[in-house]
Structures are given as structure tokens and as C-alpha cells.
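Engineer: curious how this folds, go ahead:
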Amino acid sequence: MSGGRPRTTIGTFGSIALVEAPGGWTASTRVRDDDGRLRRVKATAGSKGAAAQLLKERIRDRPSQAGRAELGVRTSFRELVERWLAWNEGRDLAPKTKAWYAELVRSRLLPVFGQFALGEITTARVEALLQAEYADGWQRAKKARTLLSQLFKFAMRHDALARNPVDGTSPLKAPKGTPQALTWEQVTAIREAAARHRTGEGVKGPKPDGVVRDFIEVLLGTALRPGEALALRRCDVTDRPRGMSLRVTGTIVPRKGQGWVRQDHPKTEASVREIAVPEFAAALLRERMAGLGGEDLIFHNRDGGAYSQHNLRRTFREYLELAGMSDSGISFRWYRRTAATVLARAVSVDAASAFLGHTSTAITEGYYIEPSKVVELAPAAALDRILRPGATDHAVLTMPLSDDEEETLDGLLGESDERLELAT
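Structural biologist: Predicted coordinates:
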């Protein structure tokens, strides 16, 4: 014998029974709710057709029996966004990140998908949106792609979708001719401009304190994010006979009414790391740390507080102008990309991933390998050999990136940075 009639699928109902009743007809059926139980639902109207229609409307509008409204293929994209943003409020994210999420999804995603149900948002529709964003800029498209992927993964965790419609969309490669790593000539020219900045006769005002000059050297030698470098304290640095190492434990973030302050954790768990420092950057840090207390910021303003990144960028733009690179688009992030390029080519992709604090190594280290207490020295040695002032072995920066290398570097800088510098 067979196992009996098939079980009604959750969210659906069985056959409708129509029975004549005083004053009309009663339609009834059993609905399998999202808690797995079958419940009978009835509706009475003046005719068979009206009773059946009213019953279907009641089934459609019934509240969830699981204690809260669940997501489904008929859920609107607008509701998904609001649920996702509410969930983000409880996450350990920087306030700036939360505000950025809300602004982007409401200004650029909701106008396109706000009237669709989740089941109506196909890969083709996502592709159309991403290509429209890509026409306005590669970074715009990448940010939209990242947030859409996060939204639909949230929907999948709630069984609203069986697959992520972002999967299968076209890769979004950086436009050729828009480099994001510095050439050796650019590194040298900016160094020379930093050394000449506000020097010579006729320059009025206080002499430069060299903060930005030293800051970009530390970025180049450590591949830190700007906020991580600004958050370095004297107690985060260890100087041993074999060389210097530093531990990344925080970042600098803007807080409303407080300005720029130190946050006691970096962007991701994988970003907490200890790395060796190449000698050219270590020498500058030693000078900066002279006379500082353990909790003092190495890069601090006149009051001992955190530097505003806006002020540092203004001075850096003056360096670029002095070097004849005003229209180059070079930013602090290019220094991280440059260090990543050197490490990926001169050491290994895995070494670069760990050095940069990329989350791809976090799962392996966290669940399969006992954390090592040894600071890996090879990355710092490669950075010092290739990027120190006067270096001659910098061939890794003279070759154009292949498509595979471009994809690899995008991966290294991808998830942790591609949360798109949301918090920096």
C-alpha cells in the first residue's frame, strides 16, 4: 500500500469544500501553516464563487502561526530591506556602516526593486541593475552588487529564496587604465614631493611635522587600512632584536559630536592580527614613538587625539600636486593595494591574505589550525627589499597585472575592504 495522500505543502491548502448554508454558501479547506500544523479555514458568501474567492483572500491574509511574519517568495523587496536593516541594528557594525547601508539601499536599490516580490527578482533583473550602475562607475556597481548579495543571503537564511539571484551575474572588473596600485615611479615621486613639501625660502607658517609623510610610508610597509594605522598605539608595537612587529587592535572612526575617535576593534575579526614591520617603516615608527606612553596614539594631533582623515588627505593632495599627479586619482587605499601586489607576487597569495587581515584565512585558522604565536617575517622582508627608499629590486611593480592577478588581488582586497570601505 502507498503511504496515503501526499502531505500538504507548508503555506498551501487542500481542496475546497462548498456547502450550502443559510443565506448563501460556505467554502472551507485545510491550510498547512508555517508551524507545520493543518488548520481549517471557512468563509461564507452569497454564491459558490464568492465564497471560494473570500476563502482564498482569508488564506492569503492570515497571520503567521510561527510567532512572527516569515519571509517568502511573495514578500516584497521593500519588506526584506526593512527587516534586514533592523537586523543590522543589532550587529556589531560601526554606526557609519549602518547609516551607509540604509542610505544606499533606500536611494539606489528600492527605486528599482521596491515594487517587486522576492520571487520576481531574477538574475536577469539584477544584471540589468548592475549594468546600469556600472555605466555610472565601477565602484557604484560593486557596492550595489555587494549589498544585493547580502540582502538575498538574508532572505535565503529565512527560506524565502532557494538561490541568490546575484549569483550568475557578470563579473565587475575594474576598468583597464584605472590602476589601483602605485608604480615604482609614483612611489618615488610622492616620496620626493613629501620631502620638499613646505620647504625652501618664502614658505610661511609652521614647518611641516612630517605626519603625512611618515603615515604613507607606514601604509606602504604594513598594508594597513588608513583607520588601522591611525589607531596604532605605543603598546601595539613590539620592537625586538630580530625586528619590529605590530598588532592591529582597532581603527579610527568618526562619531557624531565627538569627531574622530579610536574604536577598540578593527573592521572584521580577521583584521585583528600581528605582523612584522619592514625596516624602512619601523625606523619611522621608532622616531614617532619616542617619549610616548603605552596608550598614546603614534599618529596623534596636537591635543593627543586622533587625526581627522580629511586633514591628512588634504596634505596628501598637496603632495600629489607637487609631484604633478593631481589628476591621478591616487588615494591612501592605493598604498594597501601596492603592498598586496608586492606580497602576492614576491611571497604568496596566502601570505598576502594573512598580512592584510582578509577573512578568507579566518575560518581555517579559527576552526582547523591552532593559532600560531610566531610572527611571519617573510612578508616584511619582501616589502623592505622592494619598497624601501632607494630599492632597486622592484620589478614586481613594473609589470602590468594579468587578468588572473587582477582577480586575485580583488579577492585579497575584496570582502574585508569591499565591504567597500564602509566603515572608513
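
Engineer: now name the helix or strand holding residue 383.
Structural biologist: Taking DSSP states H and E as the criterion, residue 383 maps to helix 378-387.

Engineer: tell me how far stretch 341-361 is from the chain's mean position?
Structural biologist: Stretch 341-361 sits 18 Å away from the centroid of its parent chain (Cα atoms, centre = their mean, to the nearest Å).

Engineer: next: stretch 77-94.
Structural biologist: Relative to the mean C-alpha coordinate of its chain, stretch 77-94 is positioned 15 Å out (Cα atoms, centre = their mean).

Engineer: give me the low-pLDDT residue ranges for the stretch 201-350 of the chain?
Structural biologist: Counting by pLDDT under 70, the stretch 201-350 of the chain contains low-confidence ranges at 270.

Engineer: neighbours of the closest residue to residue 46 other than its chain neighbours, how many?
Structural biologist: Among residues not flanking residue 46 along the chain, residue 24 sits closest, at 4.3 Å (Cβ to Cβ, 6 or more residues apart in numbering). All C-beta atoms are positioned from the backbone trio N, CA, C, and that covers glycine. Residue neighbour count, defined by other Cβ atoms under 10 Å, stands at 14 for residue 24.

Engineer: distance of residue 24 relative to residue 50?
Structural biologist: Residue 24 sits 8 Å away from residue 50, going by Cβ to Cβ, to the nearest Å.

Engineer: average pLDDT across stretch 38-46?
Structural biologist: Confidence for stretch 38-46, expressed as mean pLDDT, is 90.

Engineer: send over it as PDB, restricted to the C-alpha atoms.
Structural biologist: This file holds the C-alpha atoms of stretch 38-46, laid out as PDB (Å, rounded to 0.1, in the frame of the first residue of the first chain):
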ATOM      1  CA  LEU A  38      -3.200  21.900   9.500                       C
ATOM      2  CA  ARG A  39      -6.000  24.300  10.300                       C
ATOM      3  CA  ARG A  40      -9.400  24.600   8.800                       C
ATOM      4  CA  VAL A  41     -10.400  28.000   7.400                       C
ATOM      5  CA  LYS A  42     -14.000  28.900   6.400                       C
ATOM      6  CA  ALA A  43     -15.700  31.700   4.600                       C
ATOM      7  CA  THR A  44     -19.400  32.300   3.800                       C
ATOM      8  CA  ALA A  45     -20.900  34.400   0.900                       C
ATOM      9  CA  GLY A  46     -24.000  34.600  -1.300                       C
END
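
Engineer: tell me the contacts of the residue nearest to residue 46?
Structural biologist: Residues in contact with residue 24, defined by Cβ atoms under 8 Å, 6 or more residues apart in numbering, are 44, 45, 46, 47, 50, 51.

Engineer: what's the pLDDT at the last one?
Structural biologist: Yep, that's residue 51 we're talking about. 89.

Engineer: tell me how this structure divides into domains.
Structural biologist: Annotated domains of the chain cover 1-70, 77-157, 184-398 [automatic domain parsing].

Engineer: quick one, what contacts residue 126?
Structural biologist: By Cβ under 8 Å, 6+ apart, the residues touching residue 126 are 148, 165, 166, 169.

Engineer: go again using 6 Å as the cut-off
Structural biologist: Each residue near residue 126 by Cβ atoms under 6 Å, 6 or more residues apart in numbering is listed here: 165, 166, 169.
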